[in-house]
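> test case, fold it:
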Amino acid sequence: MLCLSGLSVALALALVPGPTEALKEGECEVCVTFLGKFYQSLKDNDVKFNSADIEKAIIKTCKDVKGKENRFCYYIGATSDAATKMINEVSKPLSYHIPVEKICEKLKKKDSQICELKYDKQLDLTTVDLKKLKVKDLKKILEEWGESCKGCAEKSDFIRKITELMPKYAPAAAKARTEL
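I've put the predicted structure just below:
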């Protein structure tokens, strides 16, 4: 009798759902931000909230994104070169208006790499000393602007190119630097 009641307690505990693993602050940063902006754009553009239309919109949006957001699109299978297809893991919940945080929690269980994506720190070009940055960071600034530095061999070449292009891409920073 005692064995039977112990067995029923164990069975009851097994059937009770455990605590769900909620996202911690700052976790899945790219996923939450990208899907949040995407969901808002769907609402703004009056897209029908069905799975097929949302999938088409995701693929269309993913063609234009760069950097970490492009990597996120790759992981969910929304890019042409992706190895897996998990778009329905995003489109179906979005069609039911499930919060993006919950969608990202489920994606994290499927592929942990999705939540490891983090945005790079943005440099404040008005105050940063370009001479103290690494060449890698200088290259990243040019890459974000969609520019390259052909023939640049030394750090000073990259700095010269950035200061040349700054009025075009970061006019506020260029103006602040001339006032210093």
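> how is the protein carved up into domains?
29-116, 135-179 (the TED database).
> would you format those as CSV with mean neighbour count included?
In short, each C-beta sits where N, CA and C put it, glycine included. Below are the domains of the chain laid out as CSV (neighbours: other Cβ atoms under 10 Å):
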stretch, mean neighbour count
domain 29-116, 16
domain 135-179, 14
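> quickly, which of these bottoms out on average pLDDT?
Ranked by mean pLDDT, those bottom out at domain 135-179, with a mean of 87.
> quick one on the thing from earlier: so can I have a markdown table of the domains of the chain showing distance to Thr126?
Converted to a markdown table, those look like this (distance: least, Cβ to Cβ, whole Å):
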| stretch | distance to Thr126 |
| --- | --- |
| domain 29-116 | 22 |
| domain 135-179 | 4 |
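> out of those, which is closest to Asp124?
domain 135-179 (7.8 Å; Cβ to Cβ).
> what's the offset of the closest one from the middle of its chain?
Put simply, domain 135-179 sits 25 Å off its chain's centre (Cα atoms, centre = their mean, to the nearest Å).
> what do you get for stretch 94-111?
For stretch 94-111, the distance to the chain centre is 14 Å (Cα atoms, centre = their mean).
> thank you, goodbye.
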